Every structure is written in C-alpha cells, then in structure tokens.
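# Generate coordinates for the sequence data below:
(one chain, ligands or ions: 1)
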Amino acid sequence: MSVNMLVLVSGNGSNLQALIDAEKTGRFSAGRANNYSPGGRIAAVVSDRPGVYALQRARSAGIPALTEEPDRGLPKTERRGELSFRILRIAREYQAGLVILAGFLSILQGEILREYEGRIINLHPALLPKYGGPGMYGSRVHETVLAAGEKESGCTIHLVDEGTDTGPVLLQRKILVHPGDTAESLAERIHREEHIAIVEAVVLMIFKLKEKEN
Ligand code: GAR
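Numbering: from 1, shown residues only. Reported below is the predicted structural model:
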C-alpha cells in the first residue's frame, strides 16, 4: 500500500515544492527504484501560519491545504501539546504513514511523537548536531555559522524525537562556506541542497517503512 505523507510547513514551502515535483515525476512511485517500493503520495499539507505561500503551492497541486495555528492564549507547553494533538488527529484522518516537517517552525510534542515514532522527519538548515536546538531556525542558523567561522555548512534530515533537532540523522548534504558569504547567500545554496536531500530522505523512508511492514 502506498505511504500517505503529511507535510508540515510554516512559510515559503520551496521544500514542499520539491516534494510535489518529485511525486509528479514519479520519484515516489511504486516499483520505480525496486519492486518492493510501496510508493508514496502527499495526502495533505498543514501550516501553523495562515496565508503562507506553501499553502498556495499545495492547493495549486490539488493537495488539501489546512491551517492549524497555535493557540497563543495557552502557556508554552500546553500550546505545543494542543497543536501537536490537532496535527495528530489530521495525521490519523489522512492515514498518514509518514509526517514530514519541511520548514515547520512549531515544536511537536506528546502523543504524536509516540504514535509516529520513527515516522516523523525534520529538515534543518545546518549540519547537526551543530547549530540546532531551540531558537535555531532560518537566517539565525546561517548567521551563527558565519560568526563561528565555519568552513562548511549544509542541511540535515533527521528523525524527530522528544528533543529539538536531536533525533537520529538520516542524511546530510554539505556545502563549502565561501569568503564573503552572507546569511542570504548561504541560505540560498543550502536551499538547493535541501531540495535534493528532502526527496532522497523521503525515498529512503518509504523503503524503511515497507521493510518494517514485512
Ligand atoms: C528550510 O531552510 C528549512 O531547513 C528551515 O526552514 C526553511 C524552509 O524553507 N527549517 C528550519 O529552520 C527548522 N529548524 P521552505 O519554506 O522554502 O521550504
């Protein structure tokens, strides 16, 4: 059976677009790489922010696009738990086999992490375990990498656990930091690697999930 994928986003959604394009061109199709592949399809997209471009990308591709904003009236822990539970309900509703955090800036916690253990992946714009953790997202990551004088950076796809950016690494792609690089130029080059990495990671996960089934 094909793996239903739930993609979580917060912004532009260029990585979501990479997944949409990969699905369209058959990268997740059953039997494409080997006969045991069950195939995968993006079943729905959820944003924690209204009106972001990622939602439009989903709708243009004919994929259900939902918005689930955090309840800002709740204290932090409850807020995260409550949003995570709403996302879990959506994952169940769409019978998701894989949850993909593609530029999703809320932290998941609670039941979803147990029910979907080993089946939630996150994309991070640095070479974890360096430059991850609370508050490390977007341009702040690249600014910190530059300030530290790193010679290389890149992106990481990892399984999500109870920590922030701490789960087992699935794959990384590296780039060299050039003299004169800015947070923007780094972000741009890393984005290109992310678009490749996220598709590779999903193909890998589809195989892993199928293996577990057997
Ligand atoms: C990506 O660079 C991703 O690594 C980052 O958000 C960007 C989303 O881009 N995620 C994080 O910083 C999570 N800690 P996109 O909306 O164009 O796909």
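
# What residue in the chain comes nearest to the ligand?
Residue nearest to the ligand within the chain: residue 103 (2.5 Å; C-beta to the nearest ligand atom). In this view, the C-beta of every residue, glycine as well, is placed from N, C-alpha and C.

# Tell me the confidence at that residue?
You'll see residue 103 listed with a pLDDT of 97.

# again, but for residue 29
Per the predicted model, pLDDT is 86 at residue 29.

# okay but it is in contact with residue 22, surely?
No. At 9.9 Å, residue 29 does not count as touching residue 22 under the criterion of C-beta atoms under 8 Å.

# which of these two has more neighbours?
Using other C-beta atoms under 10 Å as the criterion, residue 29 and residue 22 rank with residue 22 on top: 21 against 16.

# what's the closest non-adjacent residue to the more buried one?
Computed as C-beta to C-beta, 6 or more residues apart in numbering, the closest residue to residue 22 that is not its neighbour in sequence is residue 199, at 4.4 Å.

# Could you do residue 198 as well?
Going by C-beta to C-beta, 6+ apart, residue 198 has residue 15 as its nearest residue, at 5.0 Å.

# Secondary structure element holding the one you found?
helix 14-24 (DSSP states H and E).

# what comes up buried for whatever helix or strand residue 192 lives in?
In the assignment (DSSP H and E), residue 192 maps to helix 183-213. For helix 183-213, the neighbour count (16 or more other C-beta atoms under 10 Å) marks 183, 186-187, 189-191, 193-195, 197-199, 201-203, 205-206, 209-210 as buried.

# Next: stretch 72-80.
Those would be 79, 80, for stretch 72-80 by 16+ other C-beta under 10 Å.

# Need the mean per-residue confidence for it.
Here the average pLDDT along stretch 72-80 is 95.

# Need the distance between the two termini of that stretch.
10 Å (C-alpha to C-alpha, to the nearest Å).

# before we move on, back to that, and the buried residues of helix 183-213 near the ligand, which?
With C-beta under 6 Å from any ligand atom as the criterion, the buried residues of helix 183-213 include 191, 194 near the ligand.

# show me the contacts for the closest residue in space to residue 108 that isn't next to it in sequence.
Of all residues not flanking residue 108 in the chain, residue 84 sits nearest, at 4.7 Å (C-beta to C-beta, 6+ apart). When the contact criterion is C-beta atoms under 8 Å, 6 or more residues apart in numbering, the partners of residue 84 are 108, 109, 110, 111, 112, 113.

# Tell me which helix or strand residue 84 sits in.
helix 76-93.

# Could the C-alpha coordinates of stretch 175-183 be exported in CSV?
What follows is stretch 175-183, C-alpha atoms only, in CSV (Å, rounded to 0.1, in the frame of the first residue of the first chain):
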residue,chain,number,x,y,z
ILE,A,175,28.3,23.0,1.1
LEU,A,176,31.5,25.0,1.5
VAL,A,177,31.3,28.4,3.1
HIS,A,178,32.8,30.9,0.7
PRO,A,179,34.7,34.1,1.8
GLY,A,180,32.2,36.9,1.6
ASP,A,181,29.2,34.7,2.2
THR,A,182,26.2,36.3,3.8
ALA,A,183,23.3,34.6,5.7
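
# Give me the average confidence score over it.
pLDDT averaged over stretch 175-183 gives 97.

# All good on my end, thank you.
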